[in-house]
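Student: quick check, what structure comes out for this input:
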Amino acid sequence: MNQKELKELIEFLIEKDIAEFELERGDVKVKIKRAAEPAPMPLPDARYIAVHPAPVAPGVHVPPPAPAKVDLAAAAAPTPEPEEDLHIVRSPIVGTFYEAPSPGSPPFVKVGDTLEVGQVLCIVEAMKLMNEIECDVAGELVKKFVANAQPIEYGQEMFAIRPKK
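Tutor: Residues are numbered from 1 along each chain as shown. Down below sits the predicted model:
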């Protein structure tokens, strides 16, 4: 096999997009292996990309960014500021919050109820186990942060209690 035939063979393999080729003819053995084109890099997740403003030439006026649209309903309801010395009961486990022992039953506690230490506040179901969450301070229930049958996370706020003085 001469140089011209070898060159034609390589051009043919490129044209047909053949990555690997092997030829044996008598005592001549030719093996051609083309490097694969690198796979395109996956695009990074846009949620984790920092956006830096483009540099601006001196003397060029850039208008300020438009104000963000504000949800009026969210703006009307200010975030509740923590009241004086409220005790927060947090979820000790990940699971599903239940306010009553069974569907249709009245809830264990309601806002305004007077609570005693050891009183059941709710049930958190985790892996088919019903875990009763008990009150660890005596006082008045001021706020309930979660809705019935809502999934909750470890450490998530469930109740705010104003302790007895």
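Student: mind listing what the spatially closest residue to V30 that is not a sequence neighbour touches?
Tutor: Spatial nearest neighbour of V30, chain neighbours left out: L23 (4.6 Å); criterion: Cβ to Cβ, 6 or more residues apart in numbering. Using the backbone N, CA and C atoms, a C-beta is placed for each residue, glycine as well. With contact set as Cβ atoms under 8 Å, 6 or more residues apart in numbering, L23 has these partners: 1, 9, 29-31.
Student: take those and keep only those in strands.
Tutor: 29-31 (DSSP state E).
Student: okay, now E153: neighbour count?
Tutor: Around E153 there are 10 other residues, counting by other Cβ atoms under 10 Å.
Student: give the contact list for the nearest residue to it once chain neighbours are set aside.
Tutor: Residue nearest to E153 in three dimensions, not counting chain neighbours: V94, with 5.7 Å by Cβ to Cβ, 6+ apart. Shown in contact with V94 (Cβ under 8 Å, 6+ apart): 126, 151-154.
Student: quick check: V94 vs C122, distance?
Tutor: Separation of V94 from C122 (Cβ to Cβ, to the nearest Å) stands at 14 Å.
Student: confidence score at F97?
Tutor: F97 is assigned 96 on the pLDDT scale.
Student: kindly report the same for V30.
Tutor: 81.
Student: in this structure it contacts Q3, no?
Tutor: No: V30 is beyond contact range of Q3, at 11.9 Å (criterion: Cβ atoms under 8 Å).
Student: the two: which is more packed in?
Tutor: Set V30 next to Q3 and count neighbours by other Cβ under 10 Å: V30 wins out with 14 against 7.
Student: any chance you could map the strands in the protein?
Tutor: Under DSSP E, the chain gives strands at 20-25, 28-33, 87-90, 95-98, 114-115, 120-126, 129-134, 139-144, 151-152, 157-163.
Student: so which of those strands comes closest to G104?
Tutor: When those are compared by Cβ to Cβ, strand 95-98 sits nearest G104, at 12.0 Å.
Student: what is the helix with the most length in the chain packed up against?
Tutor: When the chain is parsed with DSSP state H, its longest helix is helix 3-15. Applying 3 or more Cβ pairs under 8 Å, 6 or more residues apart in numbering; DSSP states H and E, we find helix 3-15 packed against strand 20-25, strand 28-33.
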